[in-house]
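**Q** Here is a sequence together with a model predicted from it:
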Amino acid sequence: MRRTGKTTRRTAATASAALALTLGATACGTTTGPASGGELSGQTVTVAGVWTGSEQKNFKKVLDAFTAKTGAKTVFVPSGDNVSTFVGSKIEGGNAPDVVMVPQVGVLRQFAKEGWLKPLSEGAARTAGSSLAPVWKDYGSVDGTYYGLYFKAAHKSTVWYAPQAFAQAGVAAEPKSYADLLKAGRNLADSGRPAFAVAGEDGWTLTDWFENVYLSQAGPQKYDQLAQHKLNWTDDSVVKALTTLGELFKDKQLVAGGSQAALGTDFPSSVEQVFGPEPKAGMVYEGDFVGGIAKDQFGKKPGTDAKFFPFPAVDGGTAPVVSGGDAAVVLKNGKNAEAGMKLVEFLAGPDAAEVWAGAGGFLSPNTKVDLAAYGDDTTRSTAKSLIAAGDSVRFDMSDQAPAAFGGTKGAGEWKLLQDFLRDPSDPQGTAAKLEAEAAKAYGN
């Protein structure tokens, strides 16, 4: 799952520094439990994850709640974005954390195949089974064994807009279809404000555009096949989705500043173009986290000054729900893996999620989390949509792919979709290039 705003990708230097940290040096991330009275009193659980800033601060509130319940002391170790390298280094050095919050399905699968993970306990699996849609268990399982509990989710099928711009353009209703979306966009442009701020400098946003169009147009089954490279990128369904996306990319009314300006726009800047002091567009497509940036950086009130509607259905398909998420896994090599599993059992229940829901900047895939726990109506509505999607939720496709194809700046899918934004005239040629890169990365 891509991180943005306050949780911007850490630089390589920062990640390297994180690798050098010893657990003792991160004592500032410790929450200390009561001296006695808890089942884990006197024990320490070490948790590693990518979270920084407000996300880390709010996750520590969850760890504090675990401490209050069990008496265990907890230590949070920042991993940097390259979780795989971090964990491998810690295992090699004999200093592995007990629990890792893994942000990519591909990395979870890698850890399982390396033999690093303990299967979830019966208790954790039972609790998760009663409160998560089966699709989340599928994403947390490898070869039929359940390793990863999805605790935090992102809803990546939300289109955010400035209500003032819609009112000025006479757009009275939120679009219910992709055709309506383009029509609303052209009405915005006619009123003097281009439709979309597109963050083409960040290739991951373009993969999210493609995934939403593809999931709605081609359906969940083909989406799964493409995600696993059991379907070639030269398939007609891919060419069709690229053609659909190309209609938007080539239209200067729809893309603020045209494709060249979009290729020079990073994600935070795309949010600023809609909600900042000098607006240049009426809408920005991305995940639920757009609302947090609009609020924290530009003083907009979600639900009033910054609204969203679900990414609409394409060509009569079902409205897509693409998600990302962070899964809790327990490492075999951790010094206190047994207590780590107790933490995962706690994370599986609604109480842990409700702590973070109240703090903000969080969505839970747990169906038993009380929606009243969320701090505002907009987040509540997004959480409700995520839960309502049930098994039709699909995990971010590029996060399921090998990093060489789906997660590397200037390479693979990111680069090829940037090239397509620059010149969307040949969807078939782009599909062929995507297939060539995918075949290399997947090794098939």
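**A** Perfect, I can see it now. The model shown is predicted, which means the values in this text are computed figures rather than measured ones.
**Q** Distance of Asn82 relative to Gly407?
**A** Distance, Asn82 to Gly407, by CB to CB, to the nearest Å: 10 Å. All C-beta spots, glycine's among them, are computed from the backbone N, C-alpha and C.
**Q** ditto for Val393
**A** In this view, Val393 and Gly407 are 20 Å apart by CB to CB.
**Q** in the longest helix along the chain, what's buried?
**A** Ranked by residue count, the top helix of the chain under DSSP state H comes out as helix 53-70. Buried residues in helix 53-70, defined by neighbour count with 16 or more other CB atoms under 10 Å: 54-56, 58-60, 62-63, 65-67, 69-70.
**Q** Closest one of those to Gln297?
**A** The closest of the buried residues of helix 53-70 to Gln297 turns out to be Ser54 (CB to CB; 12.1 Å).
**Q** from memory that closest one sits against Gly361, does it?
**A** Yes: taking contacts as CB atoms under 8 Å, Ser54 lies within contact range of Gly361: 5.9 Å.
**Q** about what we covered before: quick one: buried residues of the helix or strand just after the longest helix of the chain?
**A** For helix 53-70, the following helix or strand on the C-terminal side (DSSP states H and E) is strand 73-78. By 16+ other CB under 10 Å, the buried positions in strand 73-78 come out as 73-78.
**Q** With stretch 128-137 instead?
**A** 128, 131-133, 135-137.
**Q** which residues in the protein form strands?
**A** 30-31, 44-49, 73-78, 99-102, 117-118, 141-142, 145-146, 149-155, 158-161, 283-286, 307-310, 322-331, 394-395 (DSSP state E).
**Q** among those, which is nearest Ala357?
**A** Among those, strand 149-155 comes nearest to Ala357, with 10.3 Å by CB to CB.
**Q** quick one: the helices in the stretch 151-300 of the chain?
**A** 163-169, 178-190, 203-218, 220-227, 236-249, 258-263, 267-275, 289-298 (DSSP state H, counting those that start in this stretch).
**Q** Contacts for the shortest one, please.
**A** Taking contacts as CB atoms under 8 Å, 6 or more residues apart in numbering, the residues outside helix 258-263 that touch it are 197-201, 249-250, 252, 255-256, 418, 421-424.
**Q** For PyMOL, what selects the buried ones among these?
**A** Per 16+ other CB under 10 Å, the buried members of the contacts of helix 258-263 correspond to this PyMOL selection:
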select buried, resi 197+198+199+200+201+249+255+256+418+421+424
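**Q** Looking at the contacts of helix 258-263, which is nearest Gly185?
**A** Nearest to Gly185 out of the contacts of helix 258-263 is Val255 (CB to CB; 9.2 Å).
**Q** what sits opposite that closest one in the beta ladder?
**A** With DSSP bridges as the criterion, Val255 is bridged to Phe196.
**Q** Now stretch 300-309: average pLDDT?
**A** For stretch 300-309, the mean pLDDT works out to 93.
**Q** More neighbours: Asn82 and Gly407, which one.
**A** Taking neighbours as other CB atoms under 10 Å, Asn82 and Gly407 compare with Gly407 leading, 24 against 20.
**Q** Tell me who's in contact with the more buried one.
**A** 104, 106, 204, 398-399, 401, 414.
**Q** again, but for Val290
**A** Remark: with contacts taken as CB under 8 Å, 6+ apart, Val290 is in contact with 158, 160, 271, 284, 306, 308.
**Q** Provide the count of other residues in contact range of the fourth one.
**A** Put plainly, it is Val284. Around Val284 there are 30 residues (other CB under 10 Å).
**Q** On the strand side of things, show who it bridges to.
**A** Judged by DSSP bridges, the bridge partners of Val284 are Trp160.
**Q** pretty sure it is touching Glu272, no?
**A** No: the criterion here is CB under 8 Å, and Val284 misses it with Glu272 at 9.2 Å.
**Q** To Glu39, which of the helices of the stretch 151-300 of the chain lies closest?
**A** So among the helices of the stretch 151-300 of the chain, helix 289-298 is nearest, using CB to CB, at 35.7 Å.
**Q** Restricting to C-alpha, output the closest one in CSV.
**A** Coordinates of each C-alpha in helix 289-298 appear next as CSV, following Å, rounded to 0.1, in the frame of the first residue of the first chain:
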residue,chain,number,x,y,z
PHE,A,289,-6.3,9.1,2.7
VAL,A,290,-6.9,12.2,0.4
GLY,A,291,-9.4,13.4,3.0
GLY,A,292,-6.7,13.4,5.7
ILE,A,293,-4.3,15.4,3.5
ALA,A,294,-7.0,17.9,2.6
LYS,A,295,-7.8,18.4,6.3
ASP,A,296,-4.3,18.3,7.8
GLN,A,297,-2.5,20.4,5.1
PHE,A,298,-5.2,22.6,3.7
